[in-house]
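In: next one to model:
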Amino acid sequence: MIIPDTSTSALLVIDMQERLINAMTDADKCLARAKILLQGASLLGLDIIVTEQYPKGLGCTSEYLRNVINVKKTPIIEKTSFSCFGSPEFSAEVKRKLRKSLFICGIESHVCVLQTVIDANNAGYNVFVISDAVTSRKKDDLDRALELMQKNGADVISTETMLFMLMGSSRHPQFKKISELIK
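Out: Residues are numbered from 1 along each chain as shown. Below you'll find the model as predicted:
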């Protein structure tokens, strides 16, 4: 495993939509961790990409998360394919940003997240799945998805691990603010 840095990494938030999230296992915990990820990524200057699966039918990204997304800097990409890489707009955005590492959170872990992780790994990205910020309707689906993602080359880490990994040191200028986020 390589330790990524913010200049070569992006946070991908997959399909955290109003009409989907409430049906998920531990939805509140997943949303809270995703919010911390978004806030931390912003503090660290990390690129953020948000996707929405068929928003006409499933609604837009949770208002709880939209409140911390800088819509001027963060693309929100609509898609109908389960893998984000099935969206030409998403693929072009990731390629344009020239990122090597993707930190991934979202729902559902055994469908859109899993297929995106496999495609990202196959495309040569260093993939990090944020285990406390992904979920599914059923816990068993979540558990099997995390196993499959790891078997397919993803590193499975927590929100806190990601943020401290990207800071690298307690001397990082954002250390105090990041530490406050995760308390």
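
In: need the longest helix for this protein.
Out: helix 27-44 (DSSP state H).

In: gap between the very next helix or strand once past that helix and the chain center?
Out: Sequence order places strand 47-53 as the next helix or strand after helix 27-44, per DSSP states H and E. Taking the mean of its C-alpha atoms, strand 47-53 sits 8 Å from the chain's own mean (Cα atoms, centre = their mean, to the nearest Å).

In: what are the buried residues along strand 47-53?
Out: 47, 48, 49, 50, 51, 52, 53 (16 or more other Cβ atoms under 10 Å). C-beta here means a position set from N, CA and C on the backbone, and glycine is covered the same way.

In: please report the distance of the first one from residue 74.
Out: Between residue 47 and residue 74 the distance is 8 Å, computed by Cβ to Cβ, to the nearest Å.

In: rewinding a little: hmm, who's touching the longest helix of the chain?
Out: Contact partners of helix 27-44, identified using Cβ atoms under 8 Å, 6 or more residues apart in numbering, comprise 6, 11, 13, 16, 21, 24, 46, 48, 62, 64-65, 68-70, 103, 105-107, 130, 132-135, 159, 162-163, 166-167, 174, 177-178, 181-182.

In: same thing with stretch 154-161?
Out: Contacts of stretch 154-161 (Cβ under 8 Å, 6+ apart): 1, 33, 36-37, 40, 104, 117, 121, 126-133, 146, 149-150, 165, 182.

In: convert the C-alpha atoms of it to PDB, please.
Out: What follows is stretch 154-161, C-alpha atoms only, in PDB (Å, rounded to 0.1, in the frame of the first residue of the first chain):
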ATOM      1  CA  ALA A 154      -9.200  -2.100  -2.400                       C
ATOM      2  CA  ASP A 155      -7.800  -1.000   1.000                       C
ATOM      3  CA  VAL A 156     -10.600  -0.800   3.500                       C
ATOM      4  CA  ILE A 157     -10.000   1.900   6.100                       C
ATOM      5  CA  SER A 158     -12.000   4.200   8.400                       C
ATOM      6  CA  THR A 159     -12.800   7.900   8.200                       C
ATOM      7  CA  GLU A 160     -10.300   8.700  10.800                       C
ATOM      8  CA  THR A 161      -7.600   6.600   9.100                       C
END
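
In: show me what counts as buried in that stretch.
Out: 154, 155, 156, 157, 159, 160.

In: ok, so of those, who is nearest residue 89?
Out: Of all these, residue 154 has the smallest distance to residue 89: 23.1 Å, by Cβ to Cβ.

In: now that closest one. Nearest residue, chain neighbours left out?
Out: Distances taken as Cβ to Cβ, 6 or more residues apart in numbering put residue 127 closest to residue 154, at 4.2 Å, once the chain neighbours are dropped.

In: show me what counts as buried in the longest helix of the chain.
Out: Buried-residue list, helix 27-44, by 16+ other Cβ under 10 Å: 27, 30-31, 33-44.

In: thanks again, I'm all set now.
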